[in-house]
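J.: Show me how the following folds:
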Amino acid sequence: MRLVASENDELSAFADWSTSYRSGALTLPAFFVAPPGDGPFPAVVFHHGSGGLLGAARSGAEALLDMGYAVLLAVRRGHNGAPGLFWETRVTAPWGSPEMGPQLVDALEDECDDAVAALAWVKQQPMVDAARVAMIGSSYGGVMVMLAARRRAAFRAGVSFAGPSITWPDAPALQDVLLDAMRTTEVPLFLVQAADDVHLAPTYALGGELARCGKVHEVRIYGAIGENPGDGHGAFNKAVELWRGDVERFLSRWTS
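T.: Below is the predicted model of the structure:
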């Protein structure tokens, strides 16, 4: 399937990179671009947040491309009109209730199947060096990076932007799974937030667990990037020049 986006669709920003990948029985849209030349290049798989892939992510993707990485932006099930159940339809319990957290975890674990499938797809591309692939995610996309690390998926490094800063206080079950991911991971992780994100608690808690367990990691909380509370969410899209140098250095260390 090659997705043709309408002019009003968020995905129209990536129409020139359009492709698709398989995750189980699902064929899902994706967008892939590689630097000029024959490669093979190191690669980054980018995972979007809870509302799907936004056109604003193109600036961050282009920054990664300029660093010399092939970039795959993978749309997960139910997002941006893709086949499969959207995560929110599977969370039927009241938000914040004891029943809600496990439902959310189940939905995100199924989306992680897509994240792992996207990783496998990019490794099969002739212009990609399969031994030098990293994962980056924003918000629930950052959760994908951590869940994939918990599964010991074969990627070299992971960067989580603001994952999962909005949901963190409402879903103790998700907290437990992600804290376990920090204890389980053997992948170097870089946790990134802006100071005016919705909640900074996940970076402190998850970064603290990585430190307690002696895991290779970095944590960075940048200054505020907006004027109102919550403006810092989505720093991957909104503040490329803020994080670019640190992410380039981190990725270079682990994918060179």
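
J.: Please state the mean pLDDT value computed over stretch 217-228.
T.: Mean pLDDT, stretch 217-228: 96.

J.: OK, contacts around residue 203?
T.: Residue 203 makes contact with 165, 191, 192, 193, 219, 221 under the criterion CB atoms under 8 Å, 6 or more residues apart in numbering. (Glycine included, C-beta is placed from N, CA and C.)

J.: what's the farthest-apart pair in the residues you listed?
T.: 165 and 219 (13.5 Å; CB to CB).

J.: and these two? which has more neighbours close in?
T.: Using other CB atoms under 10 Å, the more surrounded residue of residue 165 and residue 219 is residue 165, with 25 against 16.

J.: Provide the secondary structure category for the more buried one.
T.: coil (DSSP: H, G, I helix; E, B strand; the rest coil).

J.: Spatially, what comes nearest to residue 142 if we skip its sequence neighbours?
T.: Distances taken as CB to CB, 6 or more residues apart in numbering place residue 163 nearest to residue 142, at 2.1 Å, with adjacent residues excluded.

J.: tell me what the helix or strand containing residue 135 is packed against?
T.: Using DSSP states H and E, residue 135 falls within strand 128-138. In this structure, strand 128-138 packs against strand 41-47, helix 100-123, helix 140-150, strand 158-161, helix 235-238, helix 240-255, with contacts taken as 3 or more CB pairs under 8 Å, 6 or more residues apart in numbering; DSSP states H and E.

J.: how about the ones you listed, which one is nearest residue 10?
T.: helix 235-238 (11.2 Å).

J.: Give me the neighbour count for residue 212.
T.: 10.

J.: who's in contact with residue 64?
T.: 44, 46, 71, 136, 247 are the contacts of residue 64 under CB under 8 Å, 6+ apart.

J.: Tell me what the third one is bridged to.
T.: Here residue 71 sits in beta bridges with residue 33, residue 44, as judged by DSSP bridges.

J.: looking at it, it is touching residue 30, isn't it?
T.: No. Using CB atoms under 8 Å as the test, residue 71 is too far from residue 30 to be in contact (10.4 Å).

J.: Could you check how far stretch 9-26 is from the centre of its chain?
T.: 16 Å (CA atoms, centre = their mean, to the nearest Å).

J.: And the residue most central in space within the chain, how far from residue 82?
T.: With distances taken as CA atoms, centre = their mean, residue 137 lies nearest the centre of the chain, 1.6 Å away. Note on residue 137: its distance to residue 82, by CB to CB, to the nearest Å, is 17 Å.

J.: same deal with residue 135?
T.: 19 Å.

J.: Tell me the bridge partners for the residue nearest to the centre of the chain.
T.: Beta-bridge partners of residue 137, as defined by DSSP bridges: residue 47, residue 160.

J.: Make residue 1 into 56 and carry on from there
T.: Taking 56 as the first residue, the last one we looked at is residue 192.

J.: Does it touch residue 202 like I think?
T.: No. Look at residue 192 against residue 202 with CB under 8 Å: they stay out of range, at 9.6 Å.

J.: tell me the angle of the host helix or strand of residue 75 relative to helix 155-178?
T.: Assigned by DSSP H and E, residue 75 belongs to strand 73-78. Interaxial angle of strand 73-78 relative to helix 155-178 (axes from the mean of the first three to the mean of the last three CA atoms, to 10 degrees): 120 degrees.

J.: Can you spell out which helices and strands pack onto strand 73-78?
T.: strand 81-88, helix 155-178.

J.: Just the angle for the last one relative to strand 183-193, thanks.
T.: Taking the same axes, to 10 degrees, one finds helix 155-178 and strand 183-193 inclined to each other by 150 degrees.

J.: pull the CA atoms of helix 155-178 into CSV?
T.: Coordinates of the C-alpha atoms in helix 155-178 are reproduced here as CSV (Å, rounded to 0.1, in the frame of the first residue of the first chain):
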residue,chain,number,x,y,z
MET,A,155,-8.0,1.9,32.7
GLY,A,156,-4.2,1.4,33.1
PRO,A,157,-4.1,-2.3,32.1
GLN,A,158,-6.3,-1.6,29.1
LEU,A,159,-3.9,1.2,28.0
VAL,A,160,-0.9,-1.0,28.5
ASP,A,161,-2.5,-3.8,26.4
ALA,A,162,-3.2,-1.3,23.6
LEU,A,163,0.3,0.1,23.6
GLU,A,164,1.9,-3.3,23.7
ASP,A,165,0.0,-4.2,20.5
GLU,A,166,1.2,-0.9,19.0
CYS,A,167,4.7,-2.0,20.0
ASP,A,168,4.2,-5.0,17.7
ASP,A,169,4.1,-2.4,14.9
ALA,A,170,7.2,-0.6,16.2
VAL,A,171,9.1,-3.9,16.1
ALA,A,172,7.8,-4.7,12.7
ALA,A,173,8.9,-1.3,11.4
LEU,A,174,12.4,-1.9,12.9
ALA,A,175,12.6,-5.2,10.9
TRP,A,176,11.4,-3.4,7.7
VAL,A,177,14.1,-0.7,7.8
LYS,A,178,16.8,-3.3,8.5
